[in-house]
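> sequence and predicted model, in that order:
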Amino acid sequence: MAATEPQVTNRTMRRIAIASGTGTVIEYYDFFIFATAAALVFPKVFFPALGSAAGVVASFATLGVAFVARPVGSVLFGHFGDRLGRKRTLVTTLLVMGLATALVGLMPTAEQIGVTAPILIVILRFLQGLAVGGEWTGATLMAAESAPKAKRGFWSMFGALGGSIGFVLASVTFLIIGETMSDETFHSYGWRIPFIASLLLIAIGLFVRLKIDETPVFKGEVSQRGTARAPFVEALKSQPREIAFASGVLVMTFAFYYLAVGYLINYGTAVLKLPRTTVLLIGIAAGLVFGLAIVLGAAYSDRVGRKKVIVAGNAVAVVWALALFPILDSASTVTFAIGSCVTTLIAGFAYGPVGAFMPELFHTRYRYTATGFSYNIAGVLGGAVPPLVAAAITAAYGGFAFGIFLTVLCLISLGCTLALRETRHAEMSEPAKAPVH
């Protein structure tokens, strides 16, 4: 018997969208303030014994810990999300992220407690990665499993949009604090303020999330067929092909986004010698463009299909990857702004439909686990690897050589997307169909 579409009012969908977006704003705000502090403060506060250069390397290595933790978090929280429900799991991810972030703000320095300080920072960063590994998926499923089919792409974008807003909020916070405090005050205690202030945001997020109900699709699955005993194992056995290809769909998006909001900030100041404040402001603008592109891509996917939008974004990315660094190397503020914003525009447009596309690929019984695992494997491949090799490749062979590396990543995403089926007309409460067409 055909599954019926969830009957949810627009008012309820708006509440779900706010809960989905608010939570990811908070969690990614926490995630990005750590990244910003790692660049500005942590080498001196937690890794002073290593010296300036090695301290910077160690500080940025803590960022990689989170990317390693994200697939682990997707399996861990996916297990509970598929067995206990989306809502309960989302509340847990928010609490884990909030407590880990606040503890970073309260952490004694290496001068006070020695080597224990950097060890604890790594542990807290791992906990942040675990939480983020389960956050996007749960937030997305709350919307995707509740939304009407005709507007599923639009309503499912709010989890992704929250990440964009979280980055902008984190950047603005540090920019304001940095501009209103002396360097001595900022390094003494000012950097701690954004971390501790996140407790207030966590309280708001919990209030919003506790007000929403479990998704009708999940409740229907539990009442009719129960829950999977081992969601990850069942997903790998039932849909290994979809998991493999879905893990490549977002490689370009992660690579472009973290390139724009991370590596290019360093490239603009250290290589192009642009003013630091100018580069940070351009980074914020790129984050806003990313959010607008998400909205456009998601809404358009409800008209033409998820696959067409994602394929179009990846196809344009193949060309742009080769053009980016020659444009940036002109070393002007205008070309740097164009390079950063066009990069996030392409990434956001391809990212917009993914909140609906990936959940539509998988069966409800293991949807949280399979979607989250695929998403976070792409995060490792696209978000962690390029920043690690970017400096070495550009230093040895130039920016164009790194553009070739990015092009390969774009082709991987393009090929993986083409290998998957169109899902716009999928019923969320029906088993996913395997054939490709």
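Sure thing, it's come through. Numbering: from 1, shown residues only.
> per-residue confidence for the residue nearest to the spatial centre of the chain?
Taking Cα atoms, centre = their mean, the centroid of the chain lies closest to residue 163, which sits 6.1 Å from it. Note for residue 163: predicted pLDDT of 78.
> could you do residue 243 as well?
For residue 243, the model assigns a pLDDT of 97.
> tell me the buried residues in the helix or strand harbouring residue 185?
Assigning secondary structure by DSSP states H and E places residue 185 in helix 183-185. Neighbour counts over helix 183-185 (16 or more other Cβ atoms under 10 Å) mark no residue as buried. In this view, the C-beta of every residue, glycine as well, is placed from N, C-alpha and C.
> likewise for stretch 232-252?
Residues of stretch 232-252 classed as buried under the neighbour-count rule (16+ other Cβ under 10 Å) are 232, 234-236, 238-239, 242-243, 245-252.
> what about that stretch, distance to the chain center?
Mean-position distance between stretch 232-252 and its chain equals 18 Å (Cα atoms, centre = their mean, to the nearest Å).
> what's the end-to-end length of it?
25 Å (Cα to Cα, to the nearest Å).
> can you name the next helix or strand after the helix holding residue 185?
Following helix 183-185 toward the C-terminus (DSSP H and E): helix 192-209.
> and which of the buried residues of stretch 232-252 is nearest residue 375?
Closest approach between these and residue 375, by Cβ to Cβ: residue 250, at 6.4 Å.
> contacting residues around residue 378?
The contact partners of residue 378, by Cβ atoms under 8 Å, 6 or more residues apart in numbering, come to 246, 247, 248, 249, 250, 251, 253, 254.
> any chance of those in a markdown table with distance to residue 170, pLDDT and secondary structure as columns?
Putting the contacts of residue 378 into a markdown table (distance: Cβ to Cβ, whole Å; pLDDT from 0 to 100; DSSP: H, G, I helix; E, B strand; the rest coil) gives the following:
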| residue | distance to residue 170 | pLDDT | secondary structure |
| --- | --- | --- | --- |
| 246 | 28 | 97 | helix |
| 247 | 27 | 96 | helix |
| 248 | 28 | 96 | helix |
| 249 | 26 | 97 | helix |
| 250 | 21 | 95 | coil |
| 251 | 24 | 96 | helix |
| 253 | 19 | 95 | helix |
| 254 | 18 | 92 | helix |
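> now the residues you listed in JSON lines, with distance to residue 71?
Output for the contacts of residue 378, formatted as JSON lines (distance: Cβ to Cβ, whole Å):
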{"residue": "246", "distance to residue 71": "13"}
{"residue": "247", "distance to residue 71": "10"}
{"residue": "248", "distance to residue 71": "14"}
{"residue": "249", "distance to residue 71": "15"}
{"residue": "250", "distance to residue 71": "13"}
{"residue": "251", "distance to residue 71": "14"}
{"residue": "253", "distance to residue 71": "17"}
{"residue": "254", "distance to residue 71": "13"}
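> re earlier: which strand or helix spans the residue nearest to the centre of the chain?
With secondary structure defined by DSSP H and E, residue 163 is part of helix 158-180.
> in that helix, what's buried?
In helix 158-180, counting by 16+ other Cβ under 10 Å, buried: 158-171, 173-175, 177-178.
> what does stretch 311-318 give?
Buried residues in stretch 311-318, counted by 16+ other Cβ under 10 Å: 311, 312, 313, 314, 315, 316, 317, 318.
> ok, and the closest non-adjacent residue to the third one?
Here the nearest residue to residue 313 in space, its sequence neighbours aside, is residue 350; by Cβ to Cβ, 6 or more residues apart in numbering that works out to 2.8 Å.
> who's in contact with that neighbour?
Residue 350 sits next to 252, 253, 297, 309, 310, 312, 313, 314, 317, 413 when contact means Cβ under 8 Å, 6+ apart.
> I'd like the average pLDDT over the helix or strand harbouring it.
Using DSSP H and E, residue 350 maps to helix 333-351. Per-region confidence: helix 333-351 scores 94 on mean pLDDT.
> following it, which helix or strand shows up next?
Counting by DSSP H and E, the next helix or strand C-terminal to helix 333-351 is helix 354-361.
> on that earlier part again, check the buried residues of stretch 232-252 and tell me the two furthest apart.
Greatest spacing in these, by Cβ to Cβ: 234 and 252 (29.1 Å).
> all helices of the stretch 51-200 of the chain, in order?
52-83, 86-106, 110-113, 116-144, 152-155, 158-180, 183-185, 192-209 (DSSP state H, counting those that start in this stretch).
> give me the buried positions along the first one.
The reference is to helix 52-83. By neighbour count on 16+ other Cβ under 10 Å, the buried set for helix 52-83 is 55-56, 58-60, 62-67, 69-83.
> relative to residue 101, how far out is the nearest residue to residue 136 once chain neighbours are set aside?
Spatially, and ignoring its direct neighbours in sequence, residue 136 is nearest to residue 159 (5.4 Å; Cβ to Cβ, 6+ apart). According to Cβ to Cβ, to the nearest Å, residue 159 stands 19 Å off from residue 101.
> doesn't residue 366 make contact with residue 231?
Yes: under the contact definition of Cβ atoms under 8 Å, residue 231 touches residue 366, with a separation of 4.0 Å.
> could you tell me which residues touch both of the two?
Common contact partners of residue 231 and residue 366 (Cβ under 8 Å, 6+ apart): 78, 82.
> of the two, who's got more company?
Under the neighbour definition other Cβ atoms under 10 Å, residue 231 and residue 366 were set side by side, and residue 366 has more, 28 against 24.
> the more buried one and residue 427, how far apart?
Distance from residue 366 to residue 427, by Cβ to Cβ: 17 Å.
> can you check residue 46 too?
Residue 46 is 50 Å from residue 427, by Cβ to Cβ.
> cool, residue 323 as well?
Residue 323 is 41 Å from residue 427, where distance means Cβ to Cβ.
> sticking with residue 418, tell me its helix or strand.
helix 399-419.
> next, the contact list for the residue nearest to residue 196 when sequence neighbours are not counted, please.
Counting by Cβ to Cβ, 6+ apart, residue 105 is the residue found nearest to residue 196 once chain neighbours are left out, at 4.1 Å. The neighbours of residue 105, taking Cβ under 8 Å, 6+ apart as the test, are 192, 193, 194, 195, 196, 198.
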